[in-house]
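Asker: Just to be clear, the model below is a prediction. Sequence and coordinates:
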Amino acid sequence: MAMAAAPALKHWRTTLERVEKFVSPLYFTDCNLRGRLFGDSCPVAALSSFLTPERLPYQEAVQQDFRPAQVGDSFGPTWWTCWFRVELTIPEAWVGQEVHLRWESDGEGLVWRDGEPVQGLTKEGEKTSYVLTDRLGEGDPRSMTLYVEVACNGLLGAGKGTMIAAPDPEKMFQVSRAELAVFHQDVHKLLVDLELLLGMAKPGFGPSKRLCGNVPGAG
């Protein structure tokens, strides 16, 4: 019995566009792969903040008068620093899963845990989550308090309109997300693989015979 011939890849550009949409952080995130990185979520237990024109050391900052805050609040102006106290309670049902703090705000953020700086956060650098635990154990603490120190400037300064413009001294910043969420590591690994293959297949690198062999219409 004759073997069936491999299907020809006739529409290379269409295939690339479909993969791009499947991994896009901007389009179709309600149904694409990137939109499935996180599963169940819940708000942080409590959020409060302290605003200062100075860059304070951690031990001094956490002793200040923190006032209740919420997602959507604005803070600033340019060059000031806003410290957020983030109180968390992880749901019991998330035992065995990887749990992240999802945080999105303008400015440059730094997570402090147990008095130590552990990770930067910035929307500009697409770093908007921090791993609380890679696998929540039965005996792990469910409640904790973190601090997020946010400098009121961007990664490349505080230019008004463009990064090479003079700073805007009155610019205000905003918190747009503060929540806990289950992170799907398997989805993340698949996403990384697809992004790598997509980069290899784009014009300039491919399609090439290394990727496509002698498939008609692919080269």
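Answerer: Perfect, I can see it now.
Asker: Least confident secondary structure element in the chain?
Answerer: The helix or strand of the chain with the poorest confidence is helix 209-212; it has a mean of 45 (mean pLDDT, DSSP states H and E).
Asker: low-confidence ranges in this protein?
Answerer: Low-confidence segments of the chain, defined by pLDDT under 70, are located at 1-10, 12, 21-24, 26-29, 157-165, 203-219.
Asker: rerun at 90
Answerer: Low-confidence regions of the chain, defined by pLDDT under 90, span residues 1-37, 123-126, 154-171, 186-219.
Asker: now the helices for it?
Answerer: In the chain, the segments counted as helices under DSSP state H are 12-23, 58-61, 185-201, 209-212.
Asker: possible to save those as a markdown table with mean neighbour count and distance to residue 47?
Answerer: For glycine as for every other residue, the C-beta is placed from the backbone atoms N, C-alpha and C. Supplementary listing: those in a markdown table, determined by neighbours: other Cβ atoms under 10 Å; distance: least, Cβ to Cβ, whole Å:
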| stretch | mean neighbour count | distance to residue 47 |
| --- | --- | --- |
| helix 12-23 | 14 | 31 |
| helix 58-61 | 13 | 16 |
| helix 185-201 | 13 | 27 |
| helix 209-212 | 12 | 48 |
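Asker: closest one to residue 136 among the ones you listed?
Answerer: Nearest of the helices of the chain to residue 136, taken as Cβ to Cβ: helix 185-201 at 13.0 Å.
Asker: Who are the packing partners of that closest one?
Answerer: Helix 185-201 makes packing contacts with helix 12-23 when contacts are defined by 3 or more Cβ pairs under 8 Å, 6 or more residues apart in numbering; DSSP states H and E.
Asker: For residue 127, list the residues it contacts.
Answerer: Going by Cβ atoms under 8 Å, 6 or more residues apart in numbering, residue 127 touches 119-121.
Asker: From the centroid of the protein, which residue is nearest?
Answerer: Among the residues of the chain, the smallest C-alpha distance to the mean C-alpha position (Cα atoms, centre = their mean) belongs to residue 128, namely 2.8 Å.
Asker: ok, for that one, nearest residue in space, not its chain neighbours?
Answerer: The shortest distance from residue 128 to any residue that is not its chain neighbour, by Cβ to Cβ, 6 or more residues apart in numbering, is 5.0 Å, and that residue is residue 104.
Asker: Show me what the top strand by length along the chain pairs with in its sheet, parallel or antiparallel.
Answerer: Longest strand in the chain by number of residues (criterion: DSSP state E): strand 173-183. Sheet neighbours of strand 173-183, with direction, are listed as strand 38-43 (antiparallel), strand 74-75 (antiparallel), strand 98-105 (antiparallel) (DSSP bridges).
Asker: Deepest-packed of these, please.
Answerer: strand 98-105 (a mean of 21; mean count of other Cβ atoms under 10 Å).
Asker: ok so, going back, dump the helices of the chain into CSV; add distance to residue 151 as well.
Answerer: Compiled in CSV, the helices of the chain are given as follows (distance: least, Cβ to Cβ, whole Å):
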stretch, distance to residue 151
helix 12-23, 31
helix 58-61, 12
helix 185-201, 28
helix 209-212, 44
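Asker: Out of those helices, which is closest to residue 170?
Answerer: Closest approach to residue 170 among these (Cβ to Cβ): helix 58-61, 23.7 Å.
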